[in-house]
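Novice: Return atomic coordinates for the entry below.
(one chain, ligands or ions: 2)
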Amino acid sequence: MPQPLIIAVPKGRILKEALPLLARVGIEPEAAFSDEDSRALRFATNQPHVSLIRVRAFDVATFVAHGAAQLGIVGSDVLMEFAYSELYAPVDLGIGHCRISVAEPAALAARDDPRGWSHVRVATKYPSLTRRHFEARGVQAECVKLNGAMEIAPLLGLADRIVDLVSSGRTLAENGLVEIETVAEVSARLIVNRAAFKLRAAELAPLVERFREQTAAPRAA
Ligand SMILES: Nc1ncnc2c1ncn2[C@@H]1O[C@H](COP(=O)(O)OP(=O)(O)OP(=O)(O)O)[C@@H](O)[C@H]1O
Ligand SMILES: O=P(O)(O)OC[C@H]1O[C@H](OP(=O)(O)OP(=O)(O)O)[C@H](O)[C@@H]1O
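Specialist: Ligands and ions are numbered 1, 2, ... in the order given. Model (predicted):
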C-alpha cells in the first residue's frame, strides 16, 4: 500500500475548474467534496491512498510548504505574495486566469499621473507583493491589509488606491474604480512540497507529468 498522498485545493473560484482537471489526471473525489453544505475538510477519492483537503486559497500554500499536504493547486498571486522556498511550482495549470492590478477612484484617475507618485497608501490582500511592485519603481507603498472587499476602501477613505485581482472588471466598475496598471498576470499552478518531491520522486514525478499532459491536452468538445 503506497503512503497517503494529500492534495490541497482551494475553496472558491479555482475549485470549479480544478475538478475536471483532477478527473482527467485520474483523481475523482467522493460526492461530498462538491457539496457546499458539507462541513468535512478531508475527502477520499477513487484512489485509496489519495485524499483531497479543501482549504482557503492562501492556506493551500501553507499546508504544502510545511509538508502537511504533498501537492496543491493555488493561484500564482498567492505564490508571489509568500515566495515559500519549500514549494516547487512545476506546472501552469492554465485555469483561474485573472490579473493583479492597481486601481483608484475614477475622479482621482482623471487628474492623476502615476509617474509622479512618491508615496501611496494602498488597501490590499497582497502587502508584500504590493510593496515590491512599488519599490521597483522608487515609490514607497504604505499598505492597509484587508482580506476581501478591497474595492470599498477608497470610497470610505481607508486608502486612495487598491491592489487586487481583476477579471471582468465588473467589481471595479460597480464601485467607481478604474484600473491604473497591471502588476502581474495570474493563473493557477500545481505546487509540490520540495522534500516530498525528492523523497517520493518515483510516485510524484509521474503524477506531475500527468498534470502537465492534461493541462496541455486539447479539451474535448
Ligand atoms: N475574479 C477572478 N477570476 C479568476 N480567478 C480569480 C478571481 N478571483 C480570484 N481568483 C483566483 O482564485 C483564487 C481564490 O480566490 P477567491 O476569491 O475564490 O478566494 P477568496 O474568496 O478570496 O479566498 P478566501 O475566502 O479563502 O480568502 C485567487 O487566489 C486567484 O488565484
Ligand atoms: O473583475 P471581476 O470579474 O469583477 O473579479 C474581481 C473580483 O473577484 C475576486 O473576488 P471574489 O468575487 O472571488 O470575492 P472575494 O472578495 O471574497 O475574494 C477579486 O477579489 C475581485 O473582487
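
Novice: you'd agree residue 192 is up against residue 88?
Specialist: Yes: using C-beta atoms under 8 Å, residue 192 is in contact with residue 88, at 4.7 Å. Glycine gets a C-beta too; all of them are placed from N, C-alpha and C.

Novice: which one of these two has more residues nearby?
Specialist: A side-by-side neighbour count of residue 192 and residue 88, using other C-beta atoms under 10 Å, places residue 192 first with 25 against 20.

Novice: how far away is that one from residue 168?
Specialist: For residue 192, the distance to residue 168 equals 31 Å [C-beta to C-beta, to the nearest Å].

Novice: can I assume residue 33 sits in a helix?
Specialist: Yes: secondary structure of residue 33 (DSSP: H, G, I helix; E, B strand; the rest coil): part of a helix.

Novice: got the phi/psi numbers for the closest residue to it other than its chain neighbours?
Specialist: Spatial nearest neighbour of residue 33, chain neighbours left out: residue 43 (4.3 Å); criterion: C-beta to C-beta, 6 or more residues apart in numbering. Backbone torsions of residue 43, given as degrees, to the nearest 10, read phi -130, psi 140.

Novice: In the beta-sheet assignment, what are the partners of residue 43?
Specialist: Beta bridges link residue 43 to residue 52, judged by DSSP bridges.

Novice: Report the contact partners of it.
Specialist: 29, 30, 32, 33, 51, 52, 53, 54 (C-beta atoms under 8 Å, 6 or more residues apart in numbering).

Novice: The second one contacts residue 42, correct?
Specialist: This points to residue 30. No: using C-beta under 8 Å, residue 30 is not in contact with residue 42, being 10.3 Å away.

Novice: ok, residue 78 to ligand 1 distance?
Specialist: According to C-beta to the nearest ligand atom, to the nearest Å, residue 78 stands 5 Å off from ligand 1.

Novice: what about that residue, which SS state?
Specialist: Using three-state DSSP, the structure places residue 78 in helix.

Novice: Then residue 101?
Specialist: The three-state label given to residue 101 by three-state DSSP is strand.

Novice: That one: neighbouring residues, count only.
Specialist: Residue 101, neighbours per other C-beta under 10 Å, totals 20.

Novice: Would you check that it makes contact with residue 182?
Specialist: Yes: counting by C-beta under 8 Å, residue 101 touches residue 182, with 5.2 Å between them.

Novice: more neighbours, residue 30 and residue 42?
Specialist: Using other C-beta under 10 Å as the criterion, residue 30 and residue 42 rank with residue 30 on top: 15 against 12.

Novice: Give me the neighbour count for the closest residue to residue 83 other than its chain neighbours.
Specialist: The shortest distance from residue 83 to any non-neighbouring residue, by C-beta to C-beta, 6+ apart, is to residue 128 (7.7 Å). For residue 128, the count of nearby residues is 14 (other C-beta under 10 Å).

Novice: Distance check, residue 128 against ligand 1.
Specialist: Taken as C-beta to the nearest ligand atom, the span from residue 128 to ligand 1 is 14 Å.
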